[in-house]
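J.: build the 3D model from these lines:
(chains A and B)
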Amino acid sequence: MPNISRDEVAHLAKLARLAVTEDELTTFAGQLDVILQSVAKVGEVAADDIPPTSHAVPLVNVYRPDAARPGLTQQQALAGAPAAANGKFRVPRILGEA
Amino acid sequence: MDDLIRLTAADLAARIQAKEVSSVEVTQAHLDRIATVDDRVHAFLHVAADRALNAARAVDEDVAAGRPPASPLAGVPLALKDVVVTEGVRTTVGSKILENWIPPYDATITRKLLEAGIVILGKTNMDEFAMGSSTENSAYGATHNPWDLDRVPGGSGGGSSAALAAFEAPLAIGTDTGGSIRQPGAVTGTVGVKPTYGGVSRYGLVAFSSSLDQAGPCARTVLDAALLHEVIAGHDALDSTSIDAPVPAVVAAAREGATGDLRGVRVGVVTDLAGGDGYQPGVLHSFERAVETLRELGADVVEVACPHFNYGLPAYYLIAPSECSSNLARFDAMRYGLRVGDENGHSAEDVMSLTREAGFGPEVKRRIMIGTYALSSGYYDAYYGQAQKVRTLIKRDFDAAFGACDVLVSPATPTTAFKLGERTDNPMAMYVADLCTIPASLAGIPAMSVPSGLASDDHLPVGLQIMAPAMQDQRMYKVAAAYEVARNAAEGGPQIDRIPELEAS
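T.: Sure thing, here's the model as predicted:
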């Protein structure tokens, strides 16, 4: 089982949108290595012909009538927003400089 | 009125209906208890005293007007885990990222509790996003176990279990993804029940691992848990995984079990969960005595092998982080919750990364990254895909075992409550606390922990886990109630009465 490097953890953090610090990278690299080595034990089970289970109980699609029902008001929806303007969510710029 | 806090929920409800005591008096007694002891226990993140007293007053008005009770638990106080959203009452999930979030809606559980006339005292502490086994991952400080304040109350629902053991509430709600109801119940000497997956609506729970998350009742007696179970369970159109079938008759089963007759009940001892590395001798001794008690009550006890359970822990710690990495992507600093770094021309993506870095604690970050790893294209088959296959094999082990048994039993957790700080630097050591509870989570079956006395070696509470097939929740309540009666008789009273007094500070 490959050891997970500090660079790989940095890549994972980037994918997961976590601006981790240098110290955290060192700590997490060690911890994730131990955890991933341990959970890799699932690979010991011969399961080529075993179907995967994604859910504990068998599921079928659930439908409801396509009818309007009351939802949150605009005021309620914006009440927890970190920033709002003109009755809308205010967000930082979405395009990069480059 | 001091003894009001020691009564069962069933007893309190009956006294309120008989006008022997008012719900306001009962509620105030619990609020007073919280004010006296919670600075040391730290079970609550938020106490909603005014709301609680208003709800209690409404129940008292119903009683005075001769209206029938809204439920068999009308007027009884409850501690609600802070993962369940409450309109107008702060809901943090133990995380800084939701520190000041006031939800604009109620969870289905919250609505059902309010409609039942149950008095919600406040919100209980938990490991951040329910990830942990000790409450030490809470961003607001750990909860202390009332049996020994230097020890953990279990997790993630340690606030709920500690509130029960400290007599701050007779009822509580927990949520269980890999054991977060049952393990805290075990280490605090209280009853904790994970119903069949889909038995209780997930609408309004802050999601951690959606294929595993299940809310359930916590109490100091089996009957109280059953009464609460029937209040919160049932089909809900707002949760597409909710089971559209009648709620198992758990109250009747608990009452039947309390007669102490288990003749004809086939009990399977899961040998793969009853010994080996990491099991404390005092826990195993307690378990062996509990099995002996079940035999004396008339049960037919057999041993069953579930060879794939050994792979439950690694499979769980791939599946749950994978689902969490997806679920927690919603915390993007745009629509609710914390926002950090919205200045200096930072882009939305910068703000998102800075906010998640500041708002999530170490365990949440670890799990998000493990999940991101397990789901990435090069590793998907070896990790997440393989874990899903192991999940199938564990389900098949259960199917085979339930072919020969009505219920299965094991210890609820390999050790008694460990010391605060003992496992915080070693994530794997913390994960092992869920060893016995995880198989039932992966299979979606109901499972509960009922107190099985104090360990012979360290004199701390031990829990007996009872598991049943899906939607047969009543079977485990019957066995638990019979066992509870027998244990109380053998020990000269309820185990919780042996808890040390929390002195007034």
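J.: contacting residues around the closest residue to chain A within chain B?
T.: Among the residues of chain B, B:Gly444 lies closest to chain A, at 2.3 Å counting by C-beta to the nearest C-beta. Backbone N, C-alpha and C define where each C-beta goes, glycine included. When contacts are counted by C-beta atoms under 8 Å, 6 or more residues apart in numbering or on different chains, B:Gly444 is found next to A:His55, A:Ala56, A:Val57, B:Thr196, B:Tyr197, B:Gly198, B:Ala470.
J.: again, only this time at 6 Å
T.: Applying C-beta atoms under 6 Å, 6 or more residues apart in numbering or on different chains to B:Gly444 gives the contacts A:Ala56, A:Val57, B:Tyr197.
J.: nearest residue to it other than its sequence neighbours?
T.: Nearest non-adjacent residue to B:Gly444, counting by C-beta to C-beta, 6 or more residues apart in numbering or on different chains: A:Ala56, 2.3 Å away.
J.: what segments of chain A are strands?
T.: Under the criterion DSSP state E, strands of chain A are mapped to A:84-85, A:88-89.
J.: number of residues surrounding the nearest residue to A:Leu72 once chain neighbours are set aside?
T.: With sequence-adjacent residues excluded and distances taken as C-beta to C-beta, 6+ apart, A:Leu72 is closest to B:Pro104, at 5.5 Å. For B:Pro104, the count of nearby residues is 17 (other C-beta atoms under 10 Å in any protein chain shown).
J.: swap in B:Pro321?
T.: Neighbours of B:Pro321 (other C-beta under 10 Å): 28.
J.: ok so it is a helix residue?
T.: Yes: assessed with DSSP: H, G, I helix; E, B strand; the rest coil, B:Pro321 lies in a helix.
J.: surely it is in contact with B:Ile370?
T.: Yes: counting by C-beta atoms under 6 Å, B:Pro321 touches B:Ile370, with 4.1 Å between them.
J.: let me see the contact set for B:Ser456.
T.: B:Gly282, B:His285.
J.: 10 Å instead?
T.: Neighbouring residues of B:Ser456 by C-beta atoms under 10 Å, 6 or more residues apart in numbering or on different chains: B:Gln280, B:Pro281, B:Gly282, B:Val283, B:Leu284, B:His285, B:Ser286, B:Arg289, B:Val462.
J.: which two in these are spaced the farthest apart?
T.: Using C-beta to C-beta, the pair of these lying farthest apart is B:Gln280 and B:Arg289, separated by 14.4 Å.
J.: and those two? Which one has more around it.
T.: B:Gln280 (20 against 17).
J.: could you list the low-pLDDT ranges of the chain?
T.: Since you didn't name a chain, this refers to chain A. Along chain A, segments meeting pLDDT under 70 span A:1-2, A:96-98.
J.: ah, no, chain B please
T.: Along chain B, segments meeting pLDDT under 70 span B:1-2, B:504-505.
J.: sorry, back to before: shared neighbours of B:Pro321 and B:Ile370, anything?
T.: A:Ile35, A:Val39, B:Tyr383.
J.: which ones are touching the second one?
T.: The neighbourhood of A:Val39, defined by C-beta under 10 Å, 6+ apart, consists of A:1, B:311, B:313-319, B:321, B:370, B:374, B:383, B:386-387, B:428, B:431.
J.: confirm B:Gly463 sits in a strand?
T.: Yes: under three-state DSSP, B:Gly463 falls within a strand.
J.: report how many residues lie close to it.
T.: Close neighbours of B:Gly463, defined as other C-beta under 10 Å, add up to 34.
J.: wait, which of the strands of chain A is closest to B:Cys405?
T.: For B:Cys405, the closest of the strands of chain A is strand A:88-89, at 53.8 Å, according to C-beta to C-beta.
J.: list the helices and strands that closest one packs on?
T.: Packing contacts for strand A:88-89, counted by 3 or more C-beta pairs under 10 Å, 6 or more residues apart in numbering or on different chains; DSSP states H and E, involve helix A:74-79.
J.: right, and B:Gly257 touches B:Val407 too?
T.: No: contact criterion C-beta atoms under 10 Å: B:Gly257 and B:Val407 do not qualify, at 11.2 Å.
J.: anything in contact with each of these two?
T.: Both B:Gly257 and B:Val407 are in contact with B:Val265, B:Arg475, B:Met476, B:Lys478, B:Val479, B:Ala480, where contact means C-beta under 10 Å, 6+ apart.
J.: list just the nearest of these to B:Asn145.
T.: The closest of the shared contacts of B:Gly257 and B:Val407 to B:Asn145 turns out to be B:Ala480 (C-beta to C-beta; 21.9 Å).
J.: buried stuff in whichever strand or helix holds the closest one?
T.: Using DSSP states H and E, B:Ala480 falls within helix B:473-491. By neighbour count on 16 or more other C-beta atoms under 10 Å in any protein chain shown, the buried set for helix B:473-491 is B:473-487.
J.: now the residue nearest in space to the middle of chain A: phi and psi?
T.: Closest residue to the average C-alpha location of chain A: A:Ala16 at 6.6 Å, with C-alpha atoms, centre = their mean. Main-chain torsions, A:Ala16, degrees, to the nearest 10: phi -90, psi 0.
J.: next one: B:Val119
T.: Torsion angles, degrees, to the nearest 10, at B:Val119: phi -100, psi 110.
J.: residue contacts, the residue most central in space within chain B?
T.: For chain B, the residue nearest the mean C-alpha position is B:Ile181 (1.9 Å; C-alpha atoms, centre = their mean). Contacts for B:Ile181 were tallied using C-beta under 10 Å, 6+ apart; they are B:81, B:154, B:156-157, B:160-161, B:172-175, B:190-195, B:214-218, B:225, B:437, B:447-449.
J.: ok, now with 8 Å
T.: B:Ile181 neighbours (C-beta under 8 Å, 6+ apart): B:Gly157, B:Ser160, B:Gly174, B:Thr175, B:Gly192, B:Val193, B:Lys194, B:Gly216, B:Cys218, B:Ser449.
J.: cool, and B:Thr196?
T.: Counted by C-beta under 8 Å, 6+ apart, B:Thr196 has contacts A:Val57, B:Gln214, B:Ile243, B:Pro248, B:Gly444, B:Ile445, B:Pro446, B:Ala470, B:Met471, B:Gln472, B:Asp473.
J.: hang on, isn't the third one packed against B:Gln214?
T.: No: contact between B:Ile243 and B:Gln214 fails when scored by C-beta atoms under 8 Å: they sit 11.0 Å apart.
J.: now list whatever residues contact both of these two.
T.: Jointly contacting B:Ile243 and B:Gln214 under the rule C-beta under 8 Å, 6+ apart are B:Thr196, B:Gly198, B:Gly199.
J.: please report how far the first one lies from B:Leu454.
T.: B:Thr196 sits 30 Å away from B:Leu454, taking C-beta to C-beta, to the nearest Å as the criterion.
J.: before we move on, the earlier item: with just CA atoms, put the helix holding B:Ala480 into CSV.
T.: Presented in CSV, the C-alpha positions along helix B:473-491 are these (Å, rounded to 0.1, in the frame of the first residue of the first chain):
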residue,chain,number,x,y,z
ASP,B,473,-37.2,-3.1,16.5
GLN,B,474,-39.8,-4.5,19.0
ARG,B,475,-37.8,-7.7,19.5
MET,B,476,-34.8,-5.9,21.0
TYR,B,477,-37.0,-3.8,23.3
LYS,B,478,-38.6,-7.0,24.6
VAL,B,479,-35.3,-8.6,25.4
ALA,B,480,-33.9,-5.3,26.8
ALA,B,481,-36.9,-4.8,29.1
ALA,B,482,-36.7,-8.3,30.4
TYR,B,483,-33.0,-8.0,31.0
GLU,B,484,-33.4,-4.6,32.7
VAL,B,485,-35.9,-6.0,35.2
ALA,B,486,-33.7,-9.0,36.0
ARG,B,487,-30.6,-6.9,36.4
ASN,B,488,-32.4,-4.4,38.7
ALA,B,489,-33.7,-7.3,40.8
ALA,B,490,-30.2,-8.8,41.1
GLU,B,491,-28.5,-5.5,41.9
